[in-house]
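Undergrad: Pasting a predicted model and its sequence here:
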Amino acid sequence: MGGVLLITDRTRSRGRSVEKVAAAAVHGGVRMVQVREKDLPTRALLDLVRAVIRAAADAAGGAGRVKVFVNDRLDVALAAGAQGVQLGASTIPVAAARRIAPGLAIGYSAHAIEEALEAERDGADFVTFGPVYETRSPGVKAPAQGLGRLAEVCGALCVPVFALGGITAERVPEVIAAGAKGVAVVSAVTEAADSAASSEAIVKVCPHLC
């Protein structure tokens, strides 16, 4: 598993819907989308995830060609029929999620090598690590980790590591050189005037496609 993972943020999408941005990213070659809209109530989030699944399938030319993940909410991922869930330090533990949903893909958001290793031991399929670079993403308070720390994490884990935080098409080659199997992007796609073109530019330089 690798490639480009789009993380949604409807507050930074130039007035466009989450599903429209997701569809544009899929048109650009993205095959993994994480719905990360933490402030939505359960029913609204469920409806949104279902809409993203439909939009992604339509854009990709059929169901099953795009993996849709739900941030934090295992219950919503299962109810919506998503392909995966993205967990972290404040969510249900990876091991518990694996017992509940053995067939679901599980990602884990790590900010230190110790928690990345624990997530791998507990059954995570991949880890996002960051922020690698300085980022303007709301809620990210951790300092930039840098390429050296990214390389350390990539070298220690057997599961794929996705570089997160400040990722642009120009920076993809150096995070891949550091050992990342993919990149997780937010603003580079959601804030772009042409999200499809921006996605395509990133996909072209990220060779480990899903």
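TA: Yes, it's here.

Undergrad: From here on, just use CA atoms for contacts and neighbour counts.
TA: Will do.

Undergrad: And the strand or helix carrying Gly155, what's buried?
TA: In the assignment (DSSP states H and E), Gly155 maps to helix 146-156. For helix 146-156, the neighbour count (16 or more other C-alpha atoms under 10 Å) marks 147, 149-151, 153-154 as buried.

Undergrad: Could you look up the next helix or strand downstream of that helix?
TA: In N-to-C order, the element after helix 146-156 by DSSP H and E is strand 161-164.

Undergrad: Name the surrounding residues that touch the next helix or strand after that next one.
TA: Using DSSP H and E, the helix or strand that follows strand 161-164 in sequence is helix 172-177. Here helix 172-177 makes contact (C-alpha atoms under 8 Å, 6 or more residues apart in numbering) with 147, 150, 163, 182-183, 202, 205-206.

Undergrad: quick one on the thing from earlier: show the secondary-structure elements that the helix holding Gly155 is packed against.
TA: Applying 3 or more C-alpha pairs under 8 Å, 6 or more residues apart in numbering; DSSP states H and E, we find helix 146-156 packed against helix 113-122, strand 161-164, helix 172-177.

Undergrad: I'd like the distance from it to the chain centre, please.
TA: Centre-to-centre, helix 146-156 and its host chain are 18 Å apart (C-alpha atoms, centre = their mean, to the nearest Å).

Undergrad: quick one: average pLDDT of that helix?
TA: Averaging pLDDT along helix 146-156 gives 97.

Undergrad: Now do that helix against helix 113-122: the angle between them, please.
TA: 30 degrees (axes from the mean of the first three to the mean of the last three C-alpha atoms, to 10 degrees).

Undergrad: Keeping just the C-alphas, turn helix 146-156 into PDB.
TA: Listed next in PDB are the C-alpha coordinates belonging to helix 146-156 (Å, rounded to 0.1, in the frame of the first residue of the first chain):
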ATOM      1  CA  GLY A 146      12.300  16.800   9.200                       C
ATOM      2  CA  LEU A 147      13.500  14.300   6.700                       C
ATOM      3  CA  GLY A 148      16.000  12.700   9.100                       C
ATOM      4  CA  ARG A 149      13.300  11.700  11.600                       C
ATOM      5  CA  LEU A 150      11.100  10.500   8.700                       C
ATOM      6  CA  ALA A 151      13.900   8.300   7.500                       C
ATOM      7  CA  GLU A 152      14.400   6.900  11.000                       C
ATOM      8  CA  VAL A 153      10.700   5.900  11.200                       C
ATOM      9  CA  CYS A 154      10.700   4.400   7.700                       C
ATOM     10  CA  GLY A 155      13.700   2.400   8.500                       C
ATOM     11  CA  ALA A 156      12.200   1.000  11.700                       C
END
